[in-house]
Each structure stands twice: as C-alpha cells, then as structure tokens.
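Asks: Fold the following.
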Amino acid sequence: MAGVVTPHLPSRARRTTCKGLTALQHRESGRVKIIVIGAGVVGTAAAWYLAAAGHEVEVVERRDGAGLETSFANGGQISPCHAEPWANPAVLPKLARWLGREDAPLLMRWRRWDPELWAWGASFLVNCLPGRTEANTERVLRLALYSRDCLRRLRAETGIAYDQRTAGILHIYRDPAEYAHACAAADLMRRHGLDRVALTVAECLEHEPALAAVAPTLAGGIFTPGDESGDAHLFTRELARLAEGRGVRFRYGVGVRRLVTRGERVAGLDTEAGQLEAEVYVLAAATASRALARPLGLHLPIVPAKGYSITAPVTDPARAPVVSITDDEHKIVVSRLGERLRVAGTAEMTGEDLTLTPARVAAVLGHARALFPGGADYDRAEPWTGLRPATPDGVPLVGPTRYHNLWLDTGHGTLGWTMACGSGALLADLIGRRRPAIDPAGLGLSR
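Replies: Predicted structure coming up:
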C-alpha cells in the first residue's frame, strides 16, 4: 500500500505534524459537523464513535430505520476467525466444481457483460496467490480483533443488549484435507493474536452436543473461544437509539442522489430532502457506495454479494446449538439468537437483484435440517436475502479519499458486523488526527 493519504478538513483548522502523521487542531471546541451516509451496522457504529469524539453527527439513510438492509438478518457472528478471505489458494479448485450449480456456496453469474464484475473477478484470482492471502488475512484480522475489543468495551459501558452470546465459534470440517488447511490458517491467525484451538470430533461434541447428528461425518473442528454472536439488526437499532441520546440526528427515508463536489472537496449532498451540507462526509452505504463514488472518479472495488439466511423458532433447546457454528464445507453459519435459530450463508454475484432464488433458500434450509434436526421448526423458517459489499481481497475500505473531506467506511463483505465498531473507532481517530489504536496501513483505497 502507498502511504496513508492525509486529507484536508475545514480550512479554518490549523495543521501541525506529530510523530510522522499530520495532526489537525480543530477550532477550539474540536467539533465539526459530519454527515454519515448509511445507517447499517457500519454507518451507525461510525456515527456513535464520531459523536463520542465530540463531533456534530447526522446520519442519512434511505430506509425507514436503522439496520434494514445488509444488517437485517445476517449470520449473527462477530467472527475474527473468518479473517481468511474468500480469495485464497484453496478456493481455486472449488470454483471449477461449483460452476453451473445453483446451490454452490459461491456463485458468479456471468450472463451479461459487466466490466466491473469481470475486473473484480480478475482481481479476486490475483488475490488467491499465497502471499496476497497472508497479507489480506493479517489486515482483516488486525481490524477484526480491534473491533471485537471495541464492542466489548461498548457493551460494558452502555449495557446494550442484542441476544448476544459469548460462547465462541466452532468451525467444523468433514474433509481431512480441508481440516489440515484450516489448521495451517489457524496457526497464521494465532501468530497475529487470535486464539484458535484444533479439536477432535469428540472434543467438538463436548463444546456443542447438538452436533451429534453429524458427528460421524466430521474430521475435526477449530474453536475460537473469544468470538461471539448476536442479532446485528437489534444491535444496530439499539446503538442508533443510544446515539440519538448522544445528539446524533438520524434522517430516515432520505435517499442520496449524488455527492456535490467543488474542486477537491465535497460541498454537499443532493438528497430527496434537498441539499444537505457538512464539513466532513463518511460514505458507509454498503453496496450503494460504489454508485455514489463513481461520478466523483472514485472506483471502489466493490460488488454486491447476495447472501441468504433463514430464521426459525427453536423447538427443542437440547437439539439446537448454544455455540455459534460455521460449517466450512458449505459456507454456512448458525447462530442462536434467543429462541430463534439463524442460519446464513452462500454468496451470489448477481448484481443488485434481491430475488430469493428457491434453490439457494432450499440449500440453506437443507443444511440447517441436516446439522440440527429437530432443533427448530424449519417449516416456519423465514427466508431473507441481502447484498453484502464485497471487495476482491476481502479487506474493507476504511480511510480517506482524494477528496479532502470525504472518507470511506465500506466494503466489509460478510464481516460488517464483525468489523463495524473497530472501523468506526478507527475512523473517528483518523478524522480527529489522533494516533489510532491500530495501524491503518492496507485498509484504505490506496492499497
């Protein structure tokens, strides 16, 4: 990555240098007006941390409430253990096997000419090289671990509740070769600070007895005791409520048509409610970020990755999991949210289409029934699909742009819930010219 771009904030501010970074001394109050575009879990967390830093914050959201799109019914995991990106050497032979399968864990639809999707696919293949995978894993893990710590502090300080469970995440594997690869990846993550423990099948059952139905098919598991799960939508709603109590203004039902620029600055937002202005702007609009940035000459390497989930009422607590589960072979995650079971997974590259494809819903349901038969009432399962903003290297875009007062907080893919708090805290430090708690290198657009 090139050096961190140092954007300019309001001209009334005075710049000094400190420890190699350009530090900014705001007006005496240190308070600037910031507009965050997007009230998903990422945008809402950004608003929270920016307000905590003393800024005047306004959030613009096209939907009628917080967390109603990608954050609404995701897999529910806070999972640094998923730091290894999709783009890794082990995925290449699988892509060939998945071609043409409607129930494939990763499905790319090449039925129309889409230059951005083809460019994304080419970059994805390049990032499957071993050296790239290791660097990208470290970047994601650096932010994910920090974010998990931020979430814990936030929970302790506010008492926010969202059907959270802190029993860890258990990855299960059927193929011995896949299990061996996962153990090697776990070694890399341990070197970067993530506690991961390889388990025998018997030890998997000790952690989660509800896996008894599939135990004969397993080769082993890897347990991450520090990871968590919870309802991302409930968290986002509650955090928005807390943020409003801190003075954040949420404008719901207001779509942003375009960002108005003047030279190398964003001068305002053209919205359905008229022109809105601030001194700093944060683009946290998930997949919509790409379209908003494109007229500015900013080409964000993001494509929508459609994910599916089902939510079913728990019928037999003894046969439903307590520990959050990742079935790595089928790219399925399972989280217990109170008396509900959330099962989510798959990625379908099909543009902005939110149609629920029956074959893919059936695949998620089938995996749920096989993993935990009798654990939930699958006949009453509610299906959902959402668009996750995926980058080809699996690393989000958190940092400045060439526009002096426009910042990015987007492209988190399947890990938006995992990295939301850390991204917001990091962004607040960077905008405020404070030395951040983690190194932002490799997380920005200039990488």
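
Asks: The closest residue to L154 other than its chain neighbours: neighbour count?
Replies: Excluding its sequence neighbours, the residue lying closest to L154 (CB to CB, 6 or more residues apart in numbering) is C421, at 6.1 Å. Where you see a C-beta, it was placed from the backbone N, CA and C, and this is true even at glycine. Other residues near C421 come to 28 when the count uses other CB atoms under 10 Å.

Asks: And C421, how close does it get to W384?
Replies: 23 Å (CB to CB, to the nearest Å).

Asks: Same question for V36.
Replies: 25 Å.

Asks: more neighbours, those two?
Replies: V36 (32 against 19).

Asks: ok, now which ones touch the more buried one?
Replies: Contacts of V36 were listed using CB atoms under 8 Å, 6 or more residues apart in numbering, and they are 43, 46-47, 50, 57-60, 281-282, 284, 409.

Asks: any chance of the residues you listed in a markdown table, plus secondary structure and distance to P400?
Replies: As requested, these are exported to a markdown table (DSSP: H, G, I helix; E, B strand; the rest coil; distance: CB to CB, whole Å):
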| residue | secondary structure | distance to P400 |
| --- | --- | --- |
| G43 | helix | 17 |
| A46 | helix | 14 |
| A47 | helix | 18 |
| L50 | helix | 15 |
| V57 | strand | 18 |
| E58 | strand | 20 |
| V59 | strand | 20 |
| V60 | strand | 20 |
| Y281 | strand | 11 |
| V282 | strand | 11 |
| A284 | coil | 14 |
| D409 | strand | 11 |
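
Asks: any idea what sits nearest R257, other than its immediate chain neighbours?
Replies: Counting by CB to CB, 6+ apart, the residue nearest R257 is D270, at 4.5 Å.

Asks: The host helix or strand of the one you found: partners in the sheet, and parallel or antiparallel?
Replies: Using DSSP states H and E, D270 falls within strand 265-271. Sheet pairing for strand 265-271, assigned by DSSP bridges, gives strand 256-262 (antiparallel), strand 274-276 (antiparallel).

Asks: Please export the C-alpha coordinates of that strand as CSV.
Replies: Taking C-alpha atoms only, strand 265-271 is exported to CSV below (Å, rounded to 0.1, in the frame of the first residue of the first chain):
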residue,chain,number,x,y,z
ARG,A,265,-13.9,18.8,-1.7
VAL,A,266,-17.4,17.5,-1.3
ALA,A,267,-19.6,20.6,-1.0
GLY,A,268,-22.9,18.9,-0.1
LEU,A,269,-25.3,16.0,-0.7
ASP,A,270,-28.1,16.2,-3.2
THR,A,271,-30.9,14.3,-1.4
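
Asks: Could I get the average pLDDT for it?
Replies: When pLDDT is averaged over strand 265-271, the result is 98.

Asks: shift numbering so it begins at 388
Replies: Sure thing, new numbering starts at 388, so read that last one as strand 652-658.

Asks: Pull the residues that contact that strand.
Replies: 395, 422, 424, 447, 641-648, 662-665, 668, 790-793.

Asks: picking up where we left off before, go through the strands paired with strand 652-658 and name the closest to E726.
Replies: strand 643-649 (37.6 Å; CB to CB).

Asks: How far away from the center of its chain is that closest one?
Replies: Its chain's C-alpha centre and that of strand 643-649 lie 25 Å apart, by CA atoms, centre = their mean, to the nearest Å.

Asks: ok, and what's touching that strand?
Replies: Residues outside strand 643-649 that contact it (CB under 8 Å, 6+ apart) are 424, 447, 449, 653-659, 662, 668, 670, 672, 679-680, 682-683, 790, 793.

Asks: Could you measure from the nearest residue to A474 once chain neighbours are set aside over to S616?
Replies: Counting by CB to CB, 6+ apart, the nearest residue to A474 once its immediate chain neighbours are dropped is N514, at 3.8 Å. N514 sits at a distance of 28 Å from S616 (criterion: CB to CB).

Asks: Ok, A573 next?
Replies: A573 is 19 Å from S616, by CB to CB.

Asks: again, but for E445
Replies: 31 Å.

Asks: before we move on, the earlier item: neighbour count winner among A573 and S616?
Replies: Using other CB under 10 Å as the criterion, A573 and S616 rank with S616 on top: 29 against 21.

Asks: That one against L557, yeah?
Replies: No - counting by CB atoms under 8 Å, S616 stays clear of L557, with 11.0 Å between them.

Asks: shared neighbours of those two, which are they?
Replies: Taking CB under 8 Å, 6+ apart as the contact rule, S616 and L557 both touch S711.

Asks: what residue ranges in the protein score low on pLDDT?
Replies: Applying pLDDT under 70 to the chain flags residues 388-416, 483, 486-487, 489-490, 495-500.

Asks: Which stretches in it count as helices?
Replies: Per DSSP state H, the chain carries helices over the ranges 428-439, 479-485, 502-513, 517-545, 563-578, 588-594, 619-632, 675-680, 745-758, 803-818.

Asks: nearest to V690, of those helices?
Replies: The nearest among the helices of the chain, by CB to CB, is helix 502-513 at 4.8 Å.

Asks: Which strands and helices lie in contact with the closest one?
Replies: For helix 502-513, the contact count by 3 or more CB pairs under 8 Å, 6 or more residues apart in numbering; DSSP states H and E identifies strand 690-700 as packing neighbours.

Asks: Just the CA coordinates for the strand it packs on, please, in PDB.
Replies: The C-alpha trace of strand 690-700 is given here as PDB (Å, rounded to 0.1, in the frame of the first residue of the first chain):
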ATOM      1  CA  VAL A 690     -19.600  -5.800  -6.000                       C
ATOM      2  CA  PRO A 691     -22.800  -6.900  -4.300                       C
ATOM      3  CA  ALA A 692     -22.500 -10.500  -2.900                       C
ATOM      4  CA  LYS A 693     -26.000 -11.700  -2.300                       C
ATOM      5  CA  GLY A 694     -26.300 -13.700   0.900                       C
ATOM      6  CA  TYR A 695     -29.200 -15.800   2.200                       C
ATOM      7  CA  SER A 696     -30.500 -16.600   5.600                       C
ATOM      8  CA  ILE A 697     -33.400 -18.300   7.300                       C
ATOM      9  CA  THR A 698     -34.700 -17.700  10.800                       C
ATOM     10  CA  ALA A 699     -36.600 -20.400  12.500                       C
ATOM     11  CA  PRO A 700     -38.100 -20.700  16.000                       C
END
